[in-house]
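1. sequence first, then the predicted structure, then my questions.
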Amino acid sequence: MGVVVKSQEARHSKAFQAMTQVIERKLAWELLEACPDAVELSDLDGFILYINKAAAQRYGKTAGELLGVDIWSLYPARQAAHRKTVVNKATNSGLPVQFTDRYEGQWEEVLICPVRATNGNIEGIATYIRDITRQIRAEERLKLVSLQMLTSQEDERRRIARDLHDDIGQSMTAIILDLKAIHSGMLSGRKDAGSQIKETIRIVEDMMRRIRQVFYELRPPSFDTLSLTKVFEALCSSLALSTGLRVVFSSQEELPPIPNVQATALYRLVQEGINNVVKHAKATSVWVNLECVDSEVNISLEDDGQGFDPAQRPSYSIGLQGLRERFVMLNGSLDVESAPGKGTRLYGSLPLARPDGS
């Protein structure tokens, strides 16, 4: 009796194992069908033995239509030749080969793997294809933004160098000439040295204001020691003095704490915005407003200048594009509104939370 029971248990165990294998194979095929990546299995001559739904859609056909089809016939001649070379490399080495390719205008990451039979011989090729178009375009966009930022930095360096040469260099030359005149007058006993000293002091004061302006442009003051409102008041006053524009700044009475990275982006918007107003807008007044609404900090900069047609991309938009990318990287937005004869308005918005969600 015990032998019979044991035999029954053995049969049940084998049946269970067989059923498990069937379920596992069924599950594996279902997973392949549900996979968003293209999966293909072909023999060594290139005839398709299996193709999942994603791969069939990639060729614009159904899986049934593609079974038994020569896979190389689905590619342009040059691309088919390249893939044959890669397959030969995989079969000769017995190792997977990965590469990036383009198909029908899409970027793809392709992995070609040799498939071995139970005896160890390579009898087929499995191909996994993932669409990486969005990733490639994001990388290209990042490269473009990096190039734009480098261009903006170089433009800013040239502008600062020009300002240092034109303004501060001329002021230093004037100071030297005045001091020489004062020294010469003292040696000859002239009585007007006092007025010349006053003029020299005025030149030094103007030069110090200009140097302070350059420092403000290079690096904003610490937002840890001054409130954001005070920093922006000082910035707008400084820009008004240096540009001759009427700059009106307004802000709500109390602002919540704003992280430095967001505060710096807002600061740069005002700098770049007023710099563009001076160069291109032919305006007399600028209004800057800072406020926080619904856990977002918003800033607007509006001028009464000549405006422009947004459809006609202005040459100075590279700087604004760099600013827009900075706002986007901080999960915010930057919009430009303008029309010929109606001035220009910049509007930036940033979440108060850091980009990592903290």
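-> Okay, I see it.
2. what bridges to the closest residue to residue 43 other than its chain neighbours?
-> Sequence neighbours aside, residue 124 is the residue nearest to residue 43 in space, at 5.3 Å (criterion: Cβ to Cβ, 6 or more residues apart in numbering). Yep, even glycine has a C-beta here, placed from its N, CA and C like the rest. Note on residue 124: beta-bridge partners by DSSP bridges are residue 43, residue 115.
3. thought residue 124 was touching residue 46?
-> No - with contacts counted by Cβ atoms under 8 Å, residue 124 stays clear of residue 46, the gap being 10.3 Å.
4. thinking again about what came up before, list the contacts of the residue nearest to residue 43.
-> Taking Cβ atoms under 8 Å, 6 or more residues apart in numbering as the contact definition, residue 124 lies against 41-44, 49, 114-115.
5. repeat the analysis, applying 7 Å as the threshold.
-> Contacts for residue 124 were tallied using Cβ atoms under 7 Å, 6 or more residues apart in numbering; they are 41-44, 49, 115.
6. using CSV, lay out these together with distance to residue 86, pLDDT and neighbour count.
-> Converted to CSV, the contacts of residue 124 look like this (distance: Cβ to Cβ, whole Å; pLDDT from 0 to 100; neighbours: other Cβ atoms under 10 Å):
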residue, distance to residue 86, pLDDT, neighbour count
41, 16, 88, 17
42, 13, 89, 21
43, 16, 91, 13
44, 14, 90, 14
49, 19, 88, 15
115, 15, 88, 16
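7. quick one: which two of the residues you listed are the most distant?
-> Spanning the widest gap among the contacts of residue 124 are 41 and 44, at 11.6 Å by Cβ to Cβ.
8. local confidence estimate at the residue most central in space within the chain?
-> Taking Cα atoms, centre = their mean, the centroid of the chain lies closest to residue 142, which sits 4.7 Å from it. Per-residue pLDDT puts residue 142 at 79.
9. now for the residue lying closest to residue 73 once chain neighbours are set aside, how many residues are close by?
-> Computed as Cβ to Cβ, 6+ apart, the closest residue to residue 73 that is not its neighbour in sequence is residue 80, at 7.8 Å. For residue 80, the neighbour count with other Cβ atoms under 10 Å is 16.
10. ok, now residue 172?
-> 14.
11. just to be sure, it is in a helix?
-> Yes - Residue 172 forms part of a helix when assessed by DSSP: H, G, I helix; E, B strand; the rest coil.
12. if we can go back for a sec, can you lay out the contacts of residue 124 as TSV showing distance to residue 299?
-> Below are these laid out as TSV (distance: Cβ to Cβ, whole Å):
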residue	distance to residue 299
41	57
42	58
43	64
44	64
49	61
115	59
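13. what stretches of the stretch 201-350 of the chain score poorly on pLDDT?
-> Applying pLDDT under 70 to the stretch 201-350 of the chain flags the ranges 216-224, 313-319.
14. what about residue 135, how many neighbours?
-> 12.
15. what does the one 10 residues further on give?
-> Look at residue 145: counted by other Cβ under 10 Å, it has 17 neighbours.
16. the helix or strand hosting residue 90: which residues count as buried?
-> For residue 90, the host element (DSSP states H and E) is helix 77-93. Neighbour-count burial for helix 77-93, counted by 16 or more other Cβ atoms under 10 Å, picks out 80, 83, 86-87, 90-91.
17. partners of the helix or strand that that helix is followed by, with directions?
-> In the C-terminal direction, the helix or strand that comes right after helix 77-93 (DSSP H and E) is strand 97-103. Paired strands of strand 97-103, with direction, are strand 106-116 (antiparallel) (DSSP bridges).
18. what are the contacting residues of the partner strand?
-> Counting by Cβ under 7 Å, 6+ apart, 86-87, 90-91, 94, 96-102, 122-133, 136 sit against strand 106-116.
19. that strand vs helix 77-93, what angle?
-> Computed by axes from the mean of the first three to the mean of the last three Cα atoms, to 10 degrees, the angle separating strand 106-116 from helix 77-93 equals 30 degrees.
20. from residue 132, how far off is the residue nearest to residue 73?
-> 21 Å (Cβ to Cβ, to the nearest Å).
21. ok, now residue 67?
-> Look at residue 67 and residue 132: by Cβ to Cβ, they are 27 Å apart.
22. higher neighbour count, those two?
-> Between residue 67 and residue 132, counting by other Cβ under 10 Å, residue 132 is the more crowded of the two (16 against 13).
23. what's the helix or strand hosting residue 49 packed up against?
-> According to DSSP H and E, residue 49 maps onto strand 48-51. Packing partners of strand 48-51 (3 or more Cβ pairs under 7 Å, 6 or more residues apart in numbering; DSSP states H and E): strand 38-43, helix 63-66.
24. tell me how the chain divides into domains.
-> With automatic domain parsing as the criterion, the domains of the chain are listed as 21-131, 134-219, 220-358.
25. quick one: the strands in the stretch 251-358 of the chain?
-> Secondary structure of the stretch 251-358 of the chain by DSSP state E, counting those that start in this stretch: the strands cover 285-293, 296-303, 333-338, 344-351.
26. rebuild the ones you listed as CSV, extending it with distance to residue 53.
-> Below are the strands of the stretch 251-358 of the chain laid out as CSV (distance: least, Cβ to Cβ, whole Å):
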stretch, distance to residue 53
strand 285-293, 47
strand 296-303, 43
strand 333-338, 38
strand 344-351, 39
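27. mean neighbour count and distance to residue 191 added to the ones you listed, as a markdown table?
-> Below are the strands of the stretch 251-358 of the chain laid out as a markdown table (neighbours: other Cβ atoms under 10 Å; distance: least, Cβ to Cβ, whole Å):
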| stretch | mean neighbour count | distance to residue 191 |
| --- | --- | --- |
| strand 285-293 | 18 | 46 |
| strand 296-303 | 21 | 50 |
| strand 333-338 | 16 | 58 |
| strand 344-351 | 21 | 55 |
